[in-house]
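Colleague: Sequence and predicted structure, then a few things I'm wondering about:
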Amino acid sequence: MKEIKLISLHLENFMRFRDFTFEPKGDNATIRGPNKAGKTTQASAFSYLLFDKDLAGNSPGNFSLKTRLDGQILPNVDHTVTGILEVDGVPLTLQKIYKEKWLKKRKVLTGHTTEYSIDEVPVLKKAYMAKIEEIIPENTFKLLTSVTHFANMKWEDRRKILFQICEGLTEEGLEDAEKQKKILASQRVKINEKKDQIQPRIDEKNRELAAIAELNQPEIQARIDSLEKQIQDIKSDSTVAVMQKEQAELETKLSQIEAGQEKKKQEASVGIIEKMNQLKDARADKNRICYGLDIEVDVQSGIIESAEKGIQCLYSEWDHLIAENPDILDLCPTCQKPFTPDEKEAVVAEFNLQQSEKKEGINEQGKESKNRKKGAEITKTKLEADLKTERAVLAEIEGTLKEMKAELENILSPPDMQKEDIEIGGINQRIREIEIVLRQEDRKYDTKTIESDLKIERAKIAIIDAGSVHTARIKELGIEEKTLAAQIEELESRLFKAEERIKKEAEIVEDKVNEMFDGVQFSLFDIKLNESIVPCCKILLEGNEWGHGTSTGQEIIAGIEMVRVLQEYNQMRCPIFLDRAEALTIPLPEMSCQIIKLKADEDCEKLSITDE
């Protein structure tokens, strides 16, 4: 098991400390002091030494590591953290120096730089961070040294880690049971829907049977016979029968002539229609090609227009640049001292250098815009030539189609069909004359009312005939309803067993996880009102969820226990900075790693360090 111990930590001009050494020598220690005395600064310095971040995860740009005197930041000083670690019994010295960068001539602060060293040998940041990564990755460090980091993670990430450290633990059994439950529930819904539809259908059939019982079949049949006889007597008139026969014969002859003409037209035009269809397909292809070329031409035009606007903007930027003059101040904005002639000359030289660089940049952009414009113009010219060629081919296809359409019209109206057309006209005229006469006869012998009454009476007979069918269907629906009820009962039983299995599987998973911890319990599943089980990861301290009715002391003890398990799993012991340790009212559980307690004590006038 890898073991990391903190031997000493020296701060120079770091946050509130001008010069301070914390030397636990790898043992447990307690740092006492009033609030804002610098207890947490020790933990932030250790985190910064390793990962360039304070205890809250902020980089130097987001937290103030500089020392202040009377509320003012001390200028022109280096901010140093030096730490001596013991990694598996081997000493290791790490150092970071945070320096200010100044423009010497103008005495202007331009930024910061950090110098790194390992065992007093300067190294690049990449090599330094690689060494830290070799010792302990940042995420692992947080898990193994912070009593709150694991609890404050997203529950999904926390749950994933628990399953990783509990070897052989999976949710396969639970997932299978949950999947089976969903299938059964879906089947139950479908069968219930079918069952719910049966009773309304039975009620409907019963209503139809009740209506049938009121009908008198012999009386209805007698009325049907009487109505049919009345219609037959009316239609037996000889004049009407002769004309109806003639109309039927004429309509048959008309259909034969028209069918013959249609066959001749199809035989004569099949070849030319096929060629026209091929040309129409070719026309559609050419239209698509022309449309695509049109779009490409528009795109290239847009590129040319954009390049021209860009060139005009560069001309304007060039003119503005030429008109600029160096802004020379009489006093330094930092120290408020007058600039010397050499300093002013340096400002002018720096201004000229910047102007030269800007002009060079404008020239490069101008060349790029002109090249882009030229390329687009060449492409556009080629596309326009291709478009002109395709449109010429399209016009040729349109002309050919027009000629073939005229040819088809001639084919569809040949001279030998004109005689048949005259005959068709004569037949249609005779049919119209017969229809006029028949309408006049119908007014004399109107059978519509009688036929309507006959239809009503026949419908009654059909309802009576359907009575036996309704009875049989009601019986079938009753059997189906009982069968579905039995299926639902079986599904309910299987669902109950599936839910019991899910609960059992969930209990097994939780028990395996909780066996690893003392005084801390994890709830990995929530049971909803509908008894469905959903994944979660709640930390429970004496029945209360972490952060809900739990005390700081409880959370510290629980956090220590979680860190213990995580250190054992990762086979690594690391120093723990235990903040707010004054909240503890009971002894800490036995730990194999180094623990540094940070206790607020208003009775102490300054920081006090004791070994334990």
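Modeller: Done, it's in.
Colleague: can you give me the helices in the stretch 301-450 of the chain?
Modeller: Per DSSP state H, counting those that start in this stretch, the stretch 301-450 of the chain carries helices over the ranges 341-412, 416-444, 448-465.
Colleague: Going by neighbour count, which residues in the second one are buried?
Modeller: Of all the residues in helix 416-444, those buried under the rule 16 or more other CB atoms under 10 Å are Met417, Ile424, Ile427, Ile434, Glu441. Using the backbone N, CA and C atoms, a C-beta is placed for each residue, glycine as well.
Colleague: ok now do the third one, which residues does it touch?
Modeller: Okay, so that is Ile427. Contact partners of Ile427, counting by CB atoms under 8 Å, 6 or more residues apart in numbering, are Leu250, Lys253, Leu254, Ile257.
Colleague: Just the buried ones among those, please.
Modeller: Counted by 16+ other CB under 10 Å, those give Leu250, Leu254 as buried.
Colleague: which pair in the contacts of Ile427 spans the largest distance?
Modeller: Leu250 and Ile257 (10.7 Å; CB to CB).
Colleague: circling back: return the closest of the buried residues of helix 416-444 with respect to Ile183.
Modeller: Nearest member of the buried residues of helix 416-444 to Ile183, counting by CB to CB, is Ile424, at 68.3 Å.
Colleague: pLDDT score assigned to that closest one?
Modeller: At Ile424, the model reports a pLDDT of 84.
Colleague: any idea how far it lies from Leu250?
Modeller: Using CB to CB, to the nearest Å, Ile424 is found at 11 Å from Leu250.
Colleague: Give me the most central residue, the protein.
Modeller: Closest to where the C-alpha atoms of the chain average out (CA atoms, centre = their mean) is Glu156, at 18.1 Å.
Colleague: Tell me the secondary structure at that one.
Modeller: Put simply, Glu156 is helix when judged by DSSP: H, G, I helix; E, B strand; the rest coil.
Colleague: right, and it touches Cys537 too?
Modeller: Yes: using CB atoms under 8 Å, Glu156 is in contact with Cys537, at 7.4 Å.
Colleague: Contact partners for Lys358?
Modeller: Contacts of Lys358 (CB under 8 Å, 6+ apart): Leu321.
Colleague: Take the contacts of Ile427 and write them to JSON lines, including distance to Arg223, secondary structure and pLDDT.
Modeller: Output for these, formatted as JSON lines (distance: CB to CB, whole Å; DSSP: H, G, I helix; E, B strand; the rest coil; pLDDT from 0 to 100):
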{"residue": "Leu250", "distance to Arg223": "37", "secondary structure": "helix", "pLDDT": "87"}
{"residue": "Lys253", "distance to Arg223": "41", "secondary structure": "helix", "pLDDT": "85"}
{"residue": "Leu254", "distance to Arg223": "40", "secondary structure": "helix", "pLDDT": "84"}
{"residue": "Ile257", "distance to Arg223": "46", "secondary structure": "helix", "pLDDT": "80"}
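Colleague: Nearest to Lys182 among the contacts of Ile427?
Modeller: Among those, and counting by CB to CB, the member closest to Lys182 is Leu254, at 66.8 Å.
Colleague: unless I'm mixing things up, that closest one is touching Gly425, no?
Modeller: No: Leu254 lies out of contact with Gly425 (CB under 8 Å); the separation is 10.4 Å.
Colleague: Any idea how far the strand or helix carrying Ala130 is from the middle of the chain?
Modeller: Using DSSP states H and E, Ala130 falls within helix 125-135. Relative to its chain's centre, helix 125-135 lies at 37 Å (CA atoms, centre = their mean, to the nearest Å).
Colleague: Perfect, I'm done here.
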